[in-house]
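Colleague: I'll drop the sequence and a predicted model, then ask my questions.
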Amino acid sequence: MFNTNEIREFQQLETPFYYYDLALLKRTLDKYTANLKKYNYHAHYALKANANERILQIIRSYGLGADCVSGNEVALALKSGFDPSMVVYAGVGKSDKEIKMALEGDIFSFNCESVPELEIINSIASSMGKVASVSLRINPDIDAHTHKYISTGRSQDKFGISTWMFQDVIDTIHKCQNLKLVGLHFHVGSQITDMKVFEMLAKRVNEIQRWFFDNGIVIENINLGGGLGIDYENPDKNPVSDFDTYFSIINKGLEVRGGQHIHFEPGRTIVAQCGTLISRVLYVKIGKGKKFAILDAGMNDLIRPALYQAKHKIDNLTSKGRNMRYDVVGPVCESSDRFGKNILLPETKRGDICAIKSAGAYGQVMAMKYNQRDLALEYYSEEL
Ligand code: LLP
């Protein structure tokens with residue numbers, strides 16, 4: 001919900017732009033970190049969700065580490081002041097240059113996804129006279145019941161090491177003198193709203209770590225990744241995810257051995273609800289049996305609806321007319337440039353300001369210049 005001052009400010013500004021409610025970000029972090037403290041868990045924020053400096057600084061100030069998936073993300077995390085001993089680095093395709101850079105940065109752990117990757121990290125570390133701390137990213141073969149493009153833990157997905165590869169992996173680690181195994185890593189998907197998935201994950205992690213234990217391997221760190229979903233339908237009613245239930249499910253289900261540390265990699269659940277894409281209505285066009293509300297924001301600003309059929313709540317902030325149905329679309333030359341179909345909005349006209357909610361995660365960071373459009377700017381609540 002925006003107050004009248006905010007809406008007045010929005011009307012003065014050039015659209016489209018991202019608007020971040022930093023008070024909500026802090027409220028979310030307060031709740032999240034209270035749970036970390038309660039269970040003595042550690043978290044590494046997934047930079048890929050939103051890497052704006054202002055946001056990173058707030059998250060860092062709450063004591064979170066960083067979860068990275070590219071050399072540039074590792075570099076950004078270190079430049080932004082994240083403690084290297086709290087930086088983890090995953091990804092199925094780490095290049096030699098990226099591996100070197102992360103080794104120079106002395107990060108906490110490479111989350112490794114294959115035998116050839118372990119061998120390359122070992123040989124680069126050896127040439128640099130270093131020992132790389134590695135965790136094994138495991139593919140636990142779990143269906144996260146989310147969109148197929150953001151499911152990562154099923155056996156057919158490209159991510160992680162499957163259980164049938166374990167012996168091979170262990171033999172490789174024993175052979176590689178410049179690798180030190182520090183943990184196991186899991187991440188089964190994103191926007192997971194079915195809490196049973198996390199129950200299942202905890203159970204699988206117990207089975208898998210038992211295998212390592214039975215084979216004489218001590219696992220010091222267990223990283224359960226991110227994935228907790230948010231409420232895209234009712235962001236005003238549920239601006240903060242149900243962290244209490246999530247962590248209590250993990251705490252109940254996971255067998256933790258003496259001396260073990262438990263880690264998480266939240267992305268969406270930290271930043272999604274604090275970000276909104278603010279846009280102006282350019283035209284209302286009559287189509288066959290429908291009306292189009294054509295915005296000045298497009299799929300290049302927020303690609304989630306086009307890419308994952310994601311539904312972000314859309315509000316018209318400036319009209320008080322009676323409700324009508326619109327297909328809300330952008331200006332980009334693609335039919336998939338549509339934010340919503342048959343959306344109920346108060347009667348909408350040129351110049352109205354619309355808010356596309358829950359856009360703080362995987363919004364601005366996935367923006368592109370397609371059609372040579374300008375990238376949307378951002379504003380923060382503390383500035384306006
Ligand atoms: N850890 C790893 C290894 C990941 O790959 C991801 C996300 C996360 C943590 C954070 O997951 P989260 O807590 O945000 O669910 N662009 C898509 C989401 C892609 C997620 C990629 N990996 C979207 O807009 O829905």
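Modeller: Yep, it's here.

Colleague: So which bits of the chain are right by the ligand?
Modeller: For the chain, the contact set with the ligand under CB under 6 Å from any ligand atom comprises 46, 48-49, 67, 90, 150, 187, 190-191, 225-227, 265-269, 304, 308, 361-362. Heads up, the C-betas are built off the backbone N, CA and C, glycines and all.

Colleague: ok, the most centrally placed residue in the chain - contacts?
Modeller: By CA atoms, centre = their mean, the chain has its centre lying nearest to Gly267, at 3.3 Å. By CB atoms under 8 Å, 6 or more residues apart in numbering, the contact set of Gly267 is Tyr45, Ala46, Leu47, Lys48, Ala49, Asn50, Asp67, Ser190, Gly226, Ala361, Tyr362.

Colleague: rerun at 6 Å
Modeller: Residues near Gly267 by CB atoms under 6 Å, 6 or more residues apart in numbering: Ala46, Ala49, Gly226.

Colleague: Return the member of these nearest to Tyr20.
Modeller: Distance to Tyr20, by CB to CB, is smallest for Ala49 among these, at 12.6 Å.

Colleague: my guess is the closest one contacts Gly360, does it?
Modeller: No: Ala49 lies out of contact with Gly360 (CB atoms under 6 Å); the separation is 7.8 Å.

Colleague: Quick check on those two: which one has the bigger neighbour count.
Modeller: Gly360 (29 against 25; other CB atoms under 10 Å).

Colleague: what do Ala49 and Gly360 both touch?
Modeller: Residues touching both Ala49 and Gly360 (CB under 6 Å, 6+ apart): Val271.

Colleague: in the stretch 51-200 of the chain, what spans have low per-residue confidence?
Modeller: For the stretch 51-200 of the chain, the stretches flagged by pLDDT under 70 are 150, 153.

Colleague: residue ranges for the strands of it, please.
Modeller: For the stretch 51-200 of the chain, the strands defined by DSSP state E, counting those that start in this stretch occupy 65-68, 87-89, 109-112, 132-139, 161-162, 179-185.

Colleague: and of those strands, who's closest to Glu207?
Modeller: strand 132-139 (10.7 Å).

Colleague: Count the neighbours of the closest residue to Thr193 other than its chain neighbours for me.
Modeller: Closest residue in space to Thr193, ignoring its immediate chain neighbours: Gly229 at 4.0 Å, by CB to CB, 6 or more residues apart in numbering. Applying other CB under 10 Å, we find 21 residues neighbouring Gly229.

Colleague: How about the contacts made by Gly229?
Modeller: So Gly229 contacts Gln191, Ile192, Thr193 (CB under 6 Å, 6+ apart).

Colleague: quick one on the thing from earlier: out of the strands of the stretch 51-200 of the chain, which comes closest to Ser279?
Modeller: Ser279 lies closest, by CB to CB, to one member of the strands of the stretch 51-200 of the chain: strand 65-68, at 30.4 Å.

Colleague: Give me the contacts around that closest one.
Modeller: Contacts of strand 65-68 (CB under 6 Å, 6+ apart): His44, Tyr45, Ala46, Leu47, Val74, Ala77, Phe82, Met86, Val87, Val88, Tyr89, Glu265.

Colleague: ok, back up a step: now the residue nearest to Thr193: how far from Pro266?
Modeller: Here the criterion is CB to CB, to the nearest Å. By it, Gly229 lies 11 Å from Pro266.

Colleague: In a markdown table, list the contacts of Gly267 along with secondary structure and pLDDT.
Modeller: Shown next, in a markdown table, are those (DSSP: H, G, I helix; E, B strand; the rest coil; pLDDT from 0 to 100):
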| residue | secondary structure | pLDDT |
| --- | --- | --- |
| Ala46 | strand | 98 |
| Ala49 | helix | 98 |
| Gly226 | coil | 97 |
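
Colleague: Tell me the one among those residues nearest to Lys97.
Modeller: Closest to Lys97 out of the contacts of Gly267 is Ala46 (22.0 Å), distances taken as CB to CB.

Colleague: The closest one against His263, yeah?
Modeller: No: Ala46 lies out of contact with His263 (CB under 6 Å); the separation is 11.9 Å.

Colleague: Which of the two has more residues huddled nearby?
Modeller: A count of neighbours by other CB under 10 Å puts Ala46 above the other of Ala46 and His263, at 31 against 23.

Colleague: The more buried one - nearest residue in space that isn't next to it in sequence?
Modeller: Using CB to CB, 6+ apart and skipping the chain neighbours, the partner closest in space to Ala46 is Gly267 (3.2 Å).

Colleague: Let me know the pLDDT of the one you found.
Modeller: As predicted, Gly267 sits at a pLDDT of 98.

Colleague: So it versus Asn50, what's the distance?
Modeller: Look at Gly267 and Asn50: by CB to CB, they are 8 Å apart.

Colleague: And Val329, by the same measure?
Modeller: 25 Å.

Colleague: Tell me which of these two has more neighbours.
Modeller: For Val329 versus Asn50, neighbours defined as other CB under 10 Å are more numerous around Asn50 (30 against 22).

Colleague: ok, that one - contacts?
Modeller: The neighbours of Asn50, taking CB under 6 Å, 6+ apart as the test, are Val271, Gly360, Ala361, Val365.

Colleague: measure it to Ile356 for me?
Modeller: Asn50 sits 15 Å away from Ile356, taking CB to CB as the criterion.
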